[in-house]
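In: Turn this into a model:
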Amino acid sequence: MAGQHGQIYRSVVREVAKASISPRSRRNKDISSNFRAIFENNRRADNAQTFDRDMENVVTFLRSQREYKALLERYNPLIDLSGEERIEATARRVGLNMPLLPGDGKDGTE
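Out: Residues are numbered from 1 along each chain as shown. This is a model prediction of the structure:
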């Protein structure tokens, strides 16, 4: 992999690594070997320019998804809460507390 093709390969691998939620030691090695095989097979193909452009689009998509997720977590912190937790957090935001219901285990009675 030389020149532009190698840069695109490294960009794809870098973005996949940044998107991964598992640590490097626990990542599946087959993924990176499959990426390498795909790039090796398409390096010599007749449609190398088309492949490079498609892979640049993949890099752009992965980077955009990562940035979107970060912005969503930053500006919508309630996104990963359950429905009940979201209601409680919203009530706290405006200075209210949700009433305790009998039998919910939070007030000590069941």
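In: Just give the number of residues close to residue 39.
Out: Residue 39: 19 surrounding residues under other C-beta atoms under 10 Å. Glycine gets a C-beta too; all of them are placed from N, C-alpha and C.
In: Distance of it relative to residue 100?
Out: Separation of residue 39 from residue 100 (C-beta to C-beta, to the nearest Å): 59 Å.
In: Same check on residue 4?
Out: 63 Å.
In: go on, residue 29?
Out: Distance from residue 29 to residue 100, by C-beta to C-beta: 51 Å.
In: Same check on residue 49?
Out: Distance of residue 49 to residue 100, given as C-beta to C-beta: 65 Å.
In: Do me a favour and average the pLDDT over stretch 74-82.
Out: Stretch 74-82 shows a mean pLDDT of 81 in the predicted model.
In: outside of it, which residues touch it?
Out: Identification of contacts with stretch 74-82 by C-beta atoms under 8 Å, 6 or more residues apart in numbering yields 72, 73, 85, 86, 89, 90.
In: ok, 10 Å please
Out: The contact list for stretch 74-82, computed with C-beta atoms under 10 Å, 6 or more residues apart in numbering, reads 69, 72, 73, 85, 86, 87, 88, 89, 90, 93.
In: and what of stretch 6-14?
Out: With contacts defined as C-beta under 10 Å, 6+ apart, stretch 6-14 is touched by 1, 31-32, 35-36, 38-40, 43, 51-56, 58-60, 62-63.
In: and the residues you listed, which are buried?
Out: Buried residues within the contacts of stretch 6-14, defined by neighbour count using 16 or more other C-beta atoms under 10 Å: 39, 51, 52, 55, 59, 62.
In: residue boundaries of the helices in the chain?
Out: 3-19, 29-43, 48-75, 83-93 (DSSP state H).
In: and the third one with helix 29-43, angle?
Out: Using axes from the mean of the first three to the mean of the last three C-alpha atoms, to 10 degrees, the interaxial angle of helix 48-75 with respect to helix 29-43 works out to 140 degrees.
In: I'm done for today, thanks for sticking with me.
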